[in-house]
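Student: could you work out the structure for the sequence below:
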Amino acid sequence: LILPETKAGGKTVPSGRITIVDEDVNGGKPFGVAGVRISCNSFVKFDHTYTDRDGYYTMDKSYSSDLRYRLVFQNEKGFSIGFNLVLVPASVSTLGKTGPEGVNMTVTEDSEDKLFRRCVVNNAAYDYWSRCSAEDLNISVPPSDLRIWLFDGLAASSAVMLHHGAVMNTDLVNSYLGKFASLLKFFMPDITLGTKLLNGYNRLYSTTCHELSHASHFVKVGTNYWNNYIRYILESYLTSGGKTYGDGTGSRAGYCEIGEMWAYYMESLMYKDRYGGNFPTFGTSYWFYPQIFRYLDERGVTCSEIFSVLNDSVHSREELKAVLIKAYPSDRTAIEQVFSRYGN
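Tutor: Residues are numbered from 1 along each chain as shown. Prediction:
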């Protein structure tokens, strides 16, 4: 419990805690909404700060009257959810008006839908950023100032990386996003999350980790690689009548193959580490076989070692096999076995 600090003249420095519940983690007990910006104001006197990893916050200024409190989904890790304008840096969820001592709130699936989804995505991204460190997974963090957009009316998600320089065919984007396409011209998202079918904390969490894994890969390979990857994704989706990832044919299919192998492997890894149980089978029914990475992981080739070979010259399974053998000759037998099992 953090008690508010009382200053002379009856003024109080607001403090409190913002938490969220994931029924499948922590015994269903609340845990912090991490690194998110919380702001308050009384008339023209404004203040803001960030929650810590456990959701606690303390403002800098002191107040004596009731305040309006808001969560601004701009995270201290370097990403934002929603708007990215000078005056509106991110999506805002109001927490109501209450006393100067601060506001405490626990978000659950019964809370307002937008608030719940934003908090889940915020925490998933905070977790992902934290786990990229050299002490943990040791992979590239997504680029700074990453822009994440949530689309309630869409089922598909993507890592288009527009704000960070990816250049895409406008007609393809318009066809893919439909009525939402015009928003891209103004807000240039990097990641779009279609939340239409993402019911519950765990599916929002794993999908966010999937798309952030793409963002880490983007840092490694650059915009030219990404343009080929995204073009294949959109073209195959549209020409196949909505079939995700197409059938693996076409001149750019290899970019999709490597990108999705990595993202589904990372999604499964993050999910397993959070929720326990067996290694999930996300993506294993598709033609690009992310289980290749799971097999290597189980035989001692680490996540960091896999990521280290995913350079811009690797955009086919044959090239992937070759660079893995070259980088890790002591694991050659395991590498050849798994690629033989899945068609190479």
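
Student: so where do the strands sit in the stretch 101-250 of the chain?
Tutor: With DSSP state E, counting those that start in this stretch as the criterion, the stretch 101-250 of the chain has strands at 105-107, 146-151, 191-194.

Student: now the second one: average pLDDT?
Tutor: To tie it back to what came earlier, the one meant is strand 146-151. The average pLDDT within strand 146-151 is 92.

Student: show me where pLDDT drops low in the stretch 1-150 of the chain?
Tutor: For the stretch 1-150 of the chain, residues meeting the criterion pLDDT under 70 lie at 1-9, 83-89.

Student: where do the helices sit along it?
Tutor: 113-131 (DSSP state H, counting those that start in this stretch).

Student: with distance to residue 137 and mean neighbour count added, can I get the strands of the stretch 101-250 of the chain in TSV?
Tutor: Glycine gets a C-beta too; all of them are placed from N, C-alpha and C. Formatted as TSV, these follow (distance: least, C-beta to C-beta, whole Å; neighbours: other C-beta atoms under 10 Å):
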stretch	distance to residue 137	mean neighbour count
strand 105-107	27	20
strand 146-151	17	24
strand 191-194	19	24
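
Student: turn those strands into TSV, columns for distance to residue 163.
Tutor: Putting the strands of the stretch 101-250 of the chain into TSV (distance: least, C-beta to C-beta, whole Å) gives the following:
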stretch	distance to residue 163
strand 105-107	27
strand 146-151	5
strand 191-194	10
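
Student: which one of those strands lies nearest to residue 123?
Tutor: Nearest of the strands of the stretch 101-250 of the chain to residue 123, taken as C-beta to C-beta: strand 105-107 at 9.9 Å.

Student: strand partners (parallel or antiparallel) of the closest one?
Tutor: strand 15-20 (parallel) (DSSP bridges).

Student: next, the angle from the partner strand to helix 113-131.
Tutor: 90 degrees (axes from the mean of the first three to the mean of the last three C-alpha atoms, to 10 degrees).

Student: I would like the residues contacting strand 15-20, please.
Tutor: 2-5, 30-33, 36, 38, 51, 54-59, 71, 101-108, 116, 119-120, 123 (C-beta atoms under 8 Å, 6 or more residues apart in numbering).
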